[in-house]
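**Student:** Here's a sequence, model it:
(chains A, B, C and D)
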Protein chains: 2
Amino acid sequence: MPDTSSVDHLVRLLRLFTMETERYISAFGTDNEMHRTDLNALGAIMEAGQSGDAMTPGRLSRRLQLSAPATSALLDRLESAGHVRRVRSTVDRRRVDLELTDTALDVGRALFAPLAKHLRPAIERYPAEQRALVAEFLTEVAAATRAAADGSTDATATKPRK
Amino acid sequence: MPDTSSVDHLVRLLRLFTMETERYISAFGTDNEMHRTDLNALGAIMEAGQSGDAMTPGRLSRRLQLSAPATSALLDRLESAGHVRRVRSTVDRRRVDLELTDTALDVGRALFAPLAKHLRPAIERYPAEQRALVAEFLTEVAAATRAAADGSTDATATKPRK
DNA sequence: CCTAGTCTTTCCACCGTGGAATCATTCCAG
DNA sequence: CTGGAATGATTCCACGGTGGAAAGACTAGG
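**Tutor:** Sure thing, here's the model as predicted:
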């Protein structure tokens, strides 16, 4: 590895990291009867809950790039496992609002606990200033990836549009 | 977002990035008749080729956390699609060495081209010194994730052991 | 009403797993 | 050197899980 600051090297590292993450998910997912998509769904619902607006099956379908039927089946799985509730919206009764249960949070914690255990010491070695820089970098790279997936040409967009 | 240097925030960003990447892969995969595992396999074979040692079905099976039959089926798909060749090893004729064809490299390029188009301008905004810092950070985080997936307790291991 | 939007159901194809068996090759103990 | 493990790759089978396409049900709003 001659030049650790080259763009190609960074791209390769980003790819390597996602591969390792998929590996981790598949390894620990089978222990908890959860698969990749289910975890992504929980993450997306949680994320939406934190930012205020409610998550619906339609939004989730677009967020995860899943077809509508696959999303329904996904929600059936999560609901029968007790991780999510479907609540018909009172303002528009076509819509269904998704709510996470406490057991979902427990599963999330249980799944990420071993990963966090390894990640924390690696991250805490960096001072706050460098962590902020990495955070900024990751934010922009995630936005760029999202833009690429959406086929957009705006590589600097940070705001979700849907 | 109150504190962009907190560990939790960084972990969340890492997770967000992998979600966006999965999204991109699934969007691209459907266009090219390739699935996530197939692309990961190509990446793993390519990676092994760059680092010198040859990739074999057994190694690939462990790398991708796939069962032996699933790996054979995966290689059948890739071979019939013309992306990989199976060559019996000359040193140990039980083993099969995997070689990528030119069309696999084309697919790889086609896959990363739109992503790189968005990623490059975002990355190039950072000076070399900061990029090197991010590269170091990502290397350690990937190693930590790998260690977590392997169930190891050594969070700082950088060398693959298999 | 009638069109559009949201969610769901039904049916089907593909991917991955598990277990067990096959076959060739290599390693090793005696 | 030989006979018996061990290793690496592949195949077959039945099974479950995931995702897509088409079609239907329901509600909102002009």
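
**Student:** Can you name the residues of chain A that neighbour DNA strand C?
**Tutor:** Within chain A, the residues that sit near DNA strand C (CB under 7 Å from any atom of the strand) are A:56-59, A:68-69, A:71-73, A:75-76, A:86, A:94-96. The way it works is simple: take the backbone N, C-alpha and C, and place the C-beta from them, glycine included.

**Student:** ok, now with 6 Å
**Tutor:** Within chain A, the positions lying close to DNA strand C (CB under 6 Å from any atom of the strand) are A:56-58, A:68-69, A:72, A:75, A:86, A:94-96.

**Student:** filter the residues you listed to the buried ones?
**Tutor:** Taking 16 or more other CB atoms under 10 Å in any protein chain shown as the criterion, what is buried in the residues of chain A next to DNA strand C is A:56-57, A:75, A:96.

**Student:** So which of those sit within helices?
**Tutor:** Mapping these onto helices (DSSP state H) picks out A:57, A:75.

**Student:** So of the buried ones among the residues of chain A next to DNA strand C, which two are at opposite extremes in space?
**Tutor:** Spatial extent of those (CB to CB) is set by the pair A:T56 and A:L75 at 10.3 Å.

**Student:** Find the residues that touch each one of these two.
**Tutor:** A:L98 (CB atoms under 8 Å, 6 or more residues apart in numbering or on different chains).

**Student:** re the thing from before, would you turn the buried ones among the residues of chain A next to DNA strand C into TSV with distance to A:D150 and pLDDT?
**Tutor:** Shown next, in TSV, are these (distance: CB to CB, whole Å; pLDDT from 0 to 100):
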residue	distance to A:D150	pLDDT
A:T56	19	93
A:P57	20	94
A:L75	23	94
A:V96	24	92
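
**Student:** What is the burial count for the closest residue to A:I45 other than its chain neighbours?
**Tutor:** Counting by CB to CB, 6 or more residues apart in numbering or on different chains, A:I45 lies nearest to A:M55, which is 4.7 Å off, once chain neighbours are set aside. Applying other CB atoms under 10 Å in any protein chain shown, we find 22 residues neighbouring A:M55.
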